[in-house]
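Sharing a sequence plus its predicted fold:
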Amino acid sequence: MPTLGFLKKKKTKEHDPNSPTSPTDSSPVTPTSAGGHKSSLTSASANTLSSTNSSNKGGETMLASHTTSQLTSAPRSGGQDPLNDGSLLSQAESQTNGSSIRPVSTTSAASSQTAASRTTKGKYSLTDFTLKRTLGTGSFGRVHLVQSNHNQRYYAVKVLKKAQVVKMKQVEHTNDERKMLQKVKHAFLVTLWGTFQDSKNLYMVMDFVEGGELFSLLRKSQVSDLDYFEYHYQSYTLIEYLYSRQEKRFPNPVAKFYAAEVTLALDYLHAQGIIYRDLKPENLLLDRHGHLKITDFGFAKEVPDITWTLCGTPDYLAPEVVASKGYNKSVDWWSLGILIFEMLCGFTPFWDGGSPMKIYENILRGKVKYPPYIHPDAQDLLQRLITPDLTKRLGNLHGGSKDVMNHAWFAEVTWDRLAKKDIDAPYVPPVQGGVGDASQFDKYPEETEKYGEKGPDPHGYLFREF
Ligand SMILES: Nc1ncnc2c1ncn2[C@@H]1O[C@H](COP(=O)(O)OP(=O)(O)OP(=O)(O)O)[C@@H](O)[C@H]1O
């Protein structure tokens, strides 16, 4: 039986033109000097014509991995229990900082990073933190930048109003979000340090991921005109070329880098029996070195077999979800296809200016128009992911996630090095010094209601684990 669910809205807002990294300044896929990095995808980035036009077609630069300089300076965001004054580093900190993530083999990246558990000093409360600005808002919550009063480090705290969660029938999802996030430990997943509640709100304390949303980077991105021309002038008409200039999309190697990191995260989650169910660029954050962290586990669920709940974001829903059939991990592989398509094209394949109903019709019809500039290997992978036939969908077959990893589009990806963040990211967010710099996030009107008020708590019994 299909369970009545909740569908989120996809962001549509365009990039703030006043932002310091707007397209008028420079292409966002141009690596910055922040952190002393030299990106391995530098030569494949949007405006680096010399290498893109010849040697890097299809993203061969993924082969050229470097040891990243992640630990040259101590990060001031997260990586440590907010109650810990810094005198004793937890095991989890050294893991999160990247210095001691154990080597993983090419075939079992999933299981290799599961061992470390977070060690915290105790239960948190509002008085442990000083609230700073809002980092983001969503369907159910608001995420604040906060500073620990104990170690002065910065964290992100997601605040959910209990009454709102109950009204929107999200009690089970919210409890699952806490449970799933507490359970997982992976380089490309956000770290949850703990949760607490007061009479009105639920709080989730996470590492502050400083580099902003992949969504914002995508909306700022532009495949360089010259790049494009050098690449395609032999086989493309001028009209197609001019059309492509309007689109906010990533060059092939850049999309491949992010897709590969997401693939590793899905591989890990599925190995834990968890479906993520809300893949989209808005939920992919960049850390200070440009590596991905998946946030928002609001729809993540431990599903050993199949489930029926209708949830997600319309553009990213698999046909078996739209059709209210039972479904499993296969939906994440479909969404990976939609994500790769959006990164390569700047729009989602079933998008329709009209209502979500139109999008659902398009999903069920299943016709995808692949723009001519998509690399043939990428198109082949997309056709195998965005397929309604579950017996054919890559990731859902006998080989599982390895089938995706072994696809030709990912041929040059050295998965074990990627899992260790040993391949430099294509774009390093210009985070200044790392001390609570939230400049990569859009500005939002601040919450007017005070947190921590005492009073009746009619819903508290529904959230005992918080
Ligand atoms: N750990 C974090 N560090 C920095 N920013 C974060 C973090 N977690 C979330 N955010 C920001 O807050 C936004 C909203 O968070 P989240 O997606 O968890 O809320 P939500 O209510 O489930 O949103 P939605 O309805 O859009 O899915 C994110 O898109 C991101 O910009």
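Sure, I can see it.

my read: E177 touches E302, true?
No - at 11.8 Å, E177 does not count as touching E302 under the criterion of Cβ atoms under 8 Å. Where you see a C-beta, it was placed from the backbone N, CA and C, and this is true even at glycine.

more crowded one of those two?
Shown here are E177 and E302; by other Cβ atoms under 10 Å, E177 has more neighbours (25 against 14).

ok but the more buried one is inside a helix, no?
Yes - the assignment for E177 by DSSP: H, G, I helix; E, B strand; the rest coil puts it in a helix.

quick one, what contacts the residue of the stretch 201-350 of the chain found nearest the ligand?
Proximity of the stretch 201-350 of the chain to the ligand (Cβ to the nearest ligand atom) peaks at D296, 3.4 Å away. By Cβ atoms under 8 Å, 6 or more residues apart in numbering, the residues touching D296 are 138, 177, 278, 283.

So what's the residue count around the first one?
In this case it means G138. A total of 17 residues lie near G138 under the criterion other Cβ under 10 Å.

Can you read off the pLDDT for it?
The model reports G138 with a pLDDT of 82.

So which elements touch the longest helix along the chain?
As assigned by DSSP state H, the longest helix anywhere in the chain is helix 252-271. Where contact means 3 or more Cβ pairs under 8 Å, 6 or more residues apart in numbering; DSSP states H and E, helix 252-271 is packed against helix 109-112, strand 292-294, helix 330-345, helix 376-385, helix 401-405, helix 415-419.

Could I get those in a markdown table, plus columns for mean neighbour count and mean pLDDT?
Formatted as a markdown table, the helices and strands packed on helix 252-271 follow (neighbours: other Cβ atoms under 10 Å; pLDDT from 0 to 100):
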| stretch | mean neighbour count | mean pLDDT |
| --- | --- | --- |
| helix 109-112 | 20 | 38 |
| strand 292-294 | 24 | 98 |
| helix 330-345 | 26 | 96 |
| helix 376-385 | 19 | 98 |
| helix 401-405 | 21 | 97 |
| helix 415-419 | 22 | 98 |
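
Out of the ones you listed, the one nearest E361 is which?
helix 330-345 (15.9 Å; Cβ to Cβ).

just checking, next helix/strand downstream of that closest one?
helix 356-365 (DSSP states H and E).

Alpha carbons of that following helix, in CSV - could you do that?
Provided in CSV are the C-alpha atoms of helix 356-365 (Å, rounded to 0.1, in the frame of the first residue of the first chain):
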residue,chain,number,x,y,z
PRO,A,356,4.6,18.9,-10.7
MET,A,357,1.8,16.9,-12.3
LYS,A,358,3.4,17.7,-15.7
ILE,A,359,6.8,16.6,-14.4
TYR,A,360,5.2,13.3,-13.2
GLU,A,361,3.6,12.7,-16.6
ASN,A,362,7.0,13.3,-18.2
ILE,A,363,8.7,10.9,-15.7
LEU,A,364,6.2,8.2,-16.5
ARG,A,365,6.5,8.8,-20.2
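
so F350 touches L364, yeah?
No - at 9.3 Å, F350 does not count as touching L364 under the criterion of Cβ under 8 Å.

Which one of those two is surrounded by more residues?
Taking neighbours as other Cβ under 10 Å, F350 and L364 compare with F350 leading, 25 against 12.

residue contacts, that one?
Residues in contact with F350 (Cβ under 8 Å, 6+ apart) are 315, 338, 359, 362-363, 368.

Take these and write them to JSON lines, including distance to the ligand.
Output for the contacts of F350, formatted as JSON lines (distance: Cβ to the nearest ligand atom, whole Å):
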{"residue": "D315", "distance to the ligand": "13"}
{"residue": "I338", "distance to the ligand": "15"}
{"residue": "I359", "distance to the ligand": "17"}
{"residue": "N362", "distance to the ligand": "22"}
{"residue": "I363", "distance to the ligand": "19"}
{"residue": "V368", "distance to the ligand": "24"}
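
Can you turn the buried part of the residues you listed into a ChimeraX selection?
ChimeraX command restricting these to the buried ones, with burial defined by 16 or more other Cβ atoms under 10 Å:
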select :315,338,359,362,363,368
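
Pull out the buried residues from stretch 139-148.
140-148.

near the ligand, from those residues?
Among the buried residues of stretch 139-148, proximity to the ligand is found for 140-141, 143 (Cβ under 6 Å from any ligand atom).

Sweet, I'm off.
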